[in-house]
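J.: sequence and predicted structure, then a few things I'm wondering about:
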Amino acid sequence: MKNDSLKEFITKNREAFDSQTPPEKLWQKIESALPKFQKQVFWNSVSFWRAAAVVLLGLSSYLFFVKNNSKTEKQDVAALQGFNDLENYYSSQIAEKMNLVSRYQSQTGLTEDEVTQNLKKLEAMYLVLKDELGKRPTQDVRDALVLNLLVRIDLINQQLNKLDRPEKNEQKSI
């Protein structure tokens, strides 16, 4: 019943409630009674420290990956230098032995045989592998290049032995 009478009173006197405004000094009095709120310093805010942590994590990740990539690049350059030395050595060996083969063939009047054709095929395969090394310098490609050089040297040695045998047989018969 009390609620009903209060409701009735409010509805009857609604205009009287709405027409009155509190005095200005009352609000100032209420505001002075409230505890003072200090302005929060930006450095002490949680969002600042979160942002700083994210930036630090990003920077650390970037530096970590850059450092690791530079190590692998330095290792690749060192491995490539070692490979270049190896390639120069084997290439000079192949060139010397090919000169011997071509001299034997010109002296004896022999034409290109199967071994010489295989050497040319291996040379073509070597050029393809060399191109692949430029695109994707991996240890597997380097190993394939070295193996190609070794096989060519072996084939040239076999050819030299084959060309040298008839000469030895002729000397024994004399």
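T.: Okay, I see it. Quantities reported herein were computed from a predicted structural model and do not represent experimental measurements.

J.: on the three-state scheme, residue 22 is what?
T.: Assigned by DSSP: H, G, I helix; E, B strand; the rest coil, the conformation of residue 22 is coil.

J.: now it, what are its backbone angles?
T.: phi -70, psi 150 (degrees, to the nearest 10).

J.: ok, it - how many residues close by?
T.: A count of nearby residues for residue 22, using other CB atoms under 10 Å, gives 8. Any C-beta I mention is one placed from the backbone N, CA and C, and that applies to glycine too.

J.: so who does it touch?
T.: Neighbouring residues of residue 22 by CB atoms under 8 Å, 6 or more residues apart in numbering: there are none.

J.: got the phi/psi numbers for residue 20?
T.: As for residue 20, its main-chain torsions (degrees, to the nearest 10) stand at phi -90, psi 140.

J.: mind checking what helix or strand follows the helix or strand residue 130 falls within in sequence?
T.: Using DSSP states H and E, residue 130 maps to helix 114-135. Sequence-wise, the next helix or strand downstream of helix 114-135 (DSSP H and E) is helix 139-173.

J.: picking up where we left off before, would you mark the buried spots in the helix holding residue 130?
T.: 115, 116, 119, 122, 126, 129, 133 (16 or more other CB atoms under 10 Å).

J.: closest to residue 58 out of those?
T.: Closest approach to residue 58 among the buried residues of helix 114-135 (CB to CB): residue 133, at 35.0 Å.

J.: which ones are touching that closest one?
T.: Counting by CB under 8 Å, 6+ apart, residue 133 makes contact with 141, 142, 145.

J.: output the contacting helices and strands for the longest helix anywhere in the chain.
T.: Longest helix in the chain, counting residues (DSSP state H): helix 46-108. Contact here means 3 or more CB pairs under 8 Å, 6 or more residues apart in numbering; DSSP states H and E; on that basis helix 46-108 packs against helix 139-173.

J.: quick one, the helix it packs on and helix 114-135 angle?
T.: 160 degrees (axes from the mean of the first three to the mean of the last three CA atoms, to 10 degrees).
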